[in-house]
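> Let's see this in three dimensions:
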Amino acid sequence: MRSNAVPDELASCHTALVEGYVLEGHVPADIIASILSERPDILGVAVPGMPPGSPGMDASGAQPYDVLAFSEDGQSWIFDRR
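Coordinates of the predicted model:
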């Protein structure tokens, strides 16, 4: 497990701490806004790696990718699909 309780398999290039949530990787802004508004019971969300089509990685064309939520015990699940 990486710092801020991000599971190794969800690792990416950037980590942010925002209002008690961990944001890992190229998480879309609308998902961040939704989390901050709805306050789900999660530790954070991650976009593992740097998938083409994620924010800032769209120069090579869009490809589907998942935004994963994770909990303090390291469990993860699909939060949103893009």
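> drop to CA atoms for contacts and neighbour counts, all remaining ones
OK.
> Bridged to the residue most central in space within the chain, which residues?
Geometric centre of the chain, nearest residue: residue 46, 1.9 Å, by C-alpha atoms, centre = their mean. Assessed by DSSP bridges, residue 46 has beta-bridge partners residue 24, residue 68.
> pretty sure it contacts residue 76?
No - applying C-alpha atoms under 8 Å as the test, residue 46 and residue 76 come out as separate, 9.3 Å apart.
> ok, back up a step: can you name the residues that contact the residue nearest to the centre of the chain?
Counting by C-alpha atoms under 8 Å, 6 or more residues apart in numbering, residue 46 touches 10, 11, 12, 23, 24, 25, 26, 27, 67, 68, 69, 70.
> For it, report the pLDDT, please.
Among the per-residue scores, residue 46 holds a pLDDT of 96.
> quick revisit: what touches both of residue 46 and residue 76?
68, 69, 70.
> Give me the neighbour count for residue 10.
Using other C-alpha atoms under 10 Å, residue 10 has 21 neighbouring residues.
> Now do it, the pLDDT please.
Looking at residue 10, its pLDDT reads 94.
> wait, it sits on residue 47?
Yes - with contact defined as C-alpha under 8 Å, residue 10 and residue 47 form a contacting pair (6.9 Å).
> Return every residue with contacts to both of these two.
Listed as contacting both residue 10 and residue 47 by C-alpha under 8 Å, 6+ apart are 24, 68.
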